[in-house]
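In: I would like the atomic coordinates for the input below:
(4 chains)
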4 protein chains.
Amino acid sequence: MTTLAIVYHSGYGHAAALADHVAKGAAAVTGVSVKTYKAEELGSPDMGPWAELAKADAIVFGAPTYMGSASAPMKQLMDASSKVWAGQGWKDKIAAGFTVSASQSGDKLSTLMQFAVFAAQHGMIWTGTGMLPGNNSSKASIEDVNRLGSFLGLMAQANADQGPDVAPPAADRKTAELFGARIAQVARQWSRARQPVAA
Amino acid sequence: MTTLAIVYHSGYGHAAALADHVAKGAAAVTGVSVKTYKAEELGSPDMGPWAELAKADAIVFGAPTYMGSASAPMKQLMDASSKVWAGQGWKDKIAAGFTVSASQSGDKLSTLMQFAVFAAQHGMIWTGTGMLPGNNSSKASIEDVNRLGSFLGLMAQANADQGPDVAPPAADRKTAELFGARIAQVARQWSRARQPVAA
Amino acid sequence: MTTLAIVYHSGYGHAAALADHVAKGAAAVTGVSVKTYKAEELGSPDMGPWAELAKADAIVFGAPTYMGSASAPMKQLMDASSKVWAGQGWKDKIAAGFTVSASQSGDKLSTLMQFAVFAAQHGMIWTGTGMLPGNNSSKASIEDVNRLGSFLGLMAQANADQGPDVAPPAADRKTAELFGARIAQVARQWSRARQPVAA
Amino acid sequence: MTTLAIVYHSGYGHAAALADHVAKGAAAVTGVSVKTYKAEELGSPDMGPWAELAKADAIVFGAPTYMGSASAPMKQLMDASSKVWAGQGWKDKIAAGFTVSASQSGDKLSTLMQFAVFAAQHGMIWTGTGMLPGNNSSKASIEDVNRLGSFLGLMAQANADQGPDVAPPAADRKTAELFGARIAQVARQWSRARQPVAA
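Out: Numbers count the residues shown, from 1 in each chain, chains lettered A, B, ... in the order given. Next comes the predicted model:
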């Protein structure tokens, strides 16, 4: 069984909705089990959930983009992981990231870069969307998969005046499911042949 | 008179259209004169246009985002400027940047970061859009100013199957004019009190 | 009088030492007054210190780089500033940033980019080091000013096993003073001609 | 046999020296064959070398950092690869990157981010150094492996006044070999279980 952990923070529920759809897409892949974790409930690195993360084949990091980077509660989790880093406990795991904000671009790429740089410190191997962009021609629409045109990780957009029951919209939820499936498949392939990788 | 130079590359005309609208917005500011330069026509740094850049109060850099960063002809201009850098010839000038791609996000922030890092090497002072985001609520629309929600610099989106006569759309052209006006006003204010600034 | 605020977080004292030297350099500039603020003591945006920030001509942001980006307590301050952002209360102020970590590069540029993107959301105007790089030839040394070769903001390096009494070393403290002086001079020049800037 | 391609540009020979050492480290891994390609000699994407890249299990991108990002000849190669991108010809390959500049930090992280964003557009899977940092304590030295403390990719530093016979120094060449070995091992593990991975 390949295991995938989703660690996220959600301020108003939009990132949580996204996490659910990433999980749904991943769980649909044969041979993959998925579990989601709220960043603010992980506690200190000597506690139970961290032991589960230590065994996961892949960890997906998610947070809203607040003022141009991952939300503070997510950063607290990232900082806490420095204890894991010291022992390189997450080395060679598959990593990926997602984010959401009210604006279309809204500096979401900055958050995804922050996650990719973070994962690289841990020696993790980074997987993006692996998708072509949608909504980029006169015949395309905002109902396309990957309508925002994101590659390093998953981007979603949630209107500032709508709750997580309707935002982000269906297109982004569908994109999240495809993204979850991709990360799960990469993790399954990677773990299938897993063995220690040097230096 | 405050002088503003716009240095850009355009592969298919969309960035050129954007440059024209940035110039239009800047030229409408009292006391500001504007000139546009094609990056691929600037030649080597000992040639005429570079002497004009050396005297400008502000330089705006623009290029399409190709494969996640500024187009190669723009990068050639940036590399050529290393001769200016050695003598810190652009130090303390106002700098800004714009980019366009077919996707909504499309890694355009990566290009703007590249420009900001480049300008910082030159010791330039960076100015962004200074705008609130548009198209980020259920009552907003793609006809809003700053519809992509960009802050570090100007972002525009041009459908992959449309020429520069119609893409980027009117909202982005209007945003470009406001952006040009802002950079011109910042440059005018800055040059008004200009004097050498220490190390 | 031009006023400069330094807002920072320091986990082990190294960033605090840096803040002190930035402040020292800035305070030595005629006509400039400086005040430092600990990010974790700023409270909510309706409290006193925020009113002082609202009046400052320049704000310098500083934090250690933890796991590839600004420390979580600094991010909490950044997130809290979203209330100021809604009213564009920091628009057109001068902004700058500094960071420190144990490694020479250590992803410090990621933190400076995070600060620059953050400042751009606020509509602030970004100023870097304005310095040439040190320690980049066979005749140079680690005692050079700007020995790490940083431009977007100030970088310092503090050995992991040394306290803030000795780390970061003298070269970085001297660099911090020159950096503080530069930001102060830019802020003074900018405020001298200050008036509302459009868009 | 797992195949690894190294595609690089070198202006003065320092990046070429680095490419040689990355290749040396990779070639020492059992079951891995390595070939290096000069970016400026690859020609258009319908030519022979591109067919070899299409079959490679991993591609390592390398270039000097000029003015804050990858050198223009490297960017030309990256732009030319858009034809491959349209058909997703490099999807699911392992990717990695390296860069060199005269300064210690010198905005090299900006180039590595540029490569990671580029690789993500291609749907490639990104591998960093997987190393702990060197030269970050009072007992460490510039002769340490990973003396610059880089994670997203390989960083080296070459004194501005020294040729590629001596710069970058031995520590960086050793780091390059370990980096090459790591990428080769990740690629071997990945290709061992390779099969198409979904969208």
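In: A:Ala184 contacts A:Thr3, doesn't it?
Out: No - using Cβ atoms under 8 Å, A:Ala184 is not in contact with A:Thr3; the gap is 9.8 Å. C-beta: built from backbone N, CA, C; applies to glycine.
In: When these two are compared, which one has more neighbours?
Out: Neighbours were counted for A:Ala184 and for A:Thr3 using other Cβ atoms under 10 Å in any protein chain shown; A:Ala184 has more, 32 against 19.
In: by contact count, what packs against the lengthiest helix in chain A?
Out: The longest helix of chain A (DSSP state H) is helix A:170-192. Contact analysis of helix A:170-192 by 3 or more Cβ pairs under 8 Å, 6 or more residues apart in numbering or on different chains; DSSP states H and E lists strand A:2-8, helix A:14-27, strand A:32-38, strand A:58-66, strand A:94-101, strand A:125-127, strand A:154-157, helix D:170-192 as its packing neighbours.
In: Reformat those as TSV; add mean pLDDT.
Out: Putting the helices and strands packed on helix A:170-192 into TSV (pLDDT from 0 to 100) gives the following:
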stretch	mean pLDDT
strand A:2-8	98
helix A:14-27	98
strand A:32-38	98
strand A:58-66	98
strand A:94-101	98
strand A:125-127	98
strand A:154-157	98
helix D:170-192	96
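In: would a markdown table of these with distance to B:Ala95 be doable?
Out: Below are the helices and strands packed on helix A:170-192 laid out as a markdown table (distance: least, Cβ to Cβ, whole Å):
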| stretch | distance to B:Ala95 |
| --- | --- |
| strand A:2-8 | 36 |
| helix A:14-27 | 34 |
| strand A:32-38 | 41 |
| strand A:58-66 | 25 |
| strand A:94-101 | 26 |
| strand A:125-127 | 31 |
| strand A:154-157 | 27 |
| helix D:170-192 | 32 |
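In: Nearest to C:Gly97 among these would be which one?
Out: Of all the helices and strands packed on helix A:170-192, strand A:58-66 sits nearest to C:Gly97, with 17.4 Å by Cβ to Cβ.
In: Give the closest residue to the residue of chain A positioned farthest from its centre in space, chain neighbours not counted.
Out: What lies farthest from the middle of chain A is A:Ser138; by Cα atoms, centre = their mean that is 30.1 Å. Of all residues not flanking A:Ser138 in the chain, B:Asn159 sits nearest, at 4.8 Å (Cβ to Cβ, 6 or more residues apart in numbering or on different chains).
In: How about the contacts made by the one you found?
Out: Neighbour list for B:Asn159: A:136-138, A:140, B:102, B:167 [criterion: Cβ atoms under 8 Å, 6 or more residues apart in numbering or on different chains].
In: Buried only: go through those residues for me.
Out: Neighbour counting by 16 or more other Cβ atoms under 10 Å in any protein chain shown classes A:136-137, A:140, B:102, B:167 among these as buried.
In: Just name the closest of the residues you listed to chain D, please.
Out: Closest approach between the buried ones among the contacts of B:Asn159 and chain D, by Cβ to the nearest Cβ: B:Ala102, at 11.3 Å.
In: hang on, isn't that closest one packed against B:Pro168?
Out: No - B:Ala102 is not in contact with B:Pro168 according to Cβ under 8 Å; the separation is 10.0 Å.
In: between those two, what contacts are shared?
Out: Taking Cβ under 8 Å, 6+ apart as the contact rule, B:Ala102 and B:Pro168 both touch B:157-158.
In: burial count for A:Glu143?
Out: 12.
In: Next up, the contacts around it.
Out: Shown in contact with A:Glu143 (Cβ under 8 Å, 6+ apart): A:170-171.
In: Ignoring the adjacent residues along the chain, who's closest to A:Ser71?
Out: A:Ala63 is the one closest to A:Ser71 (Cβ to Cβ, 6+ apart), at 4.8 Å.
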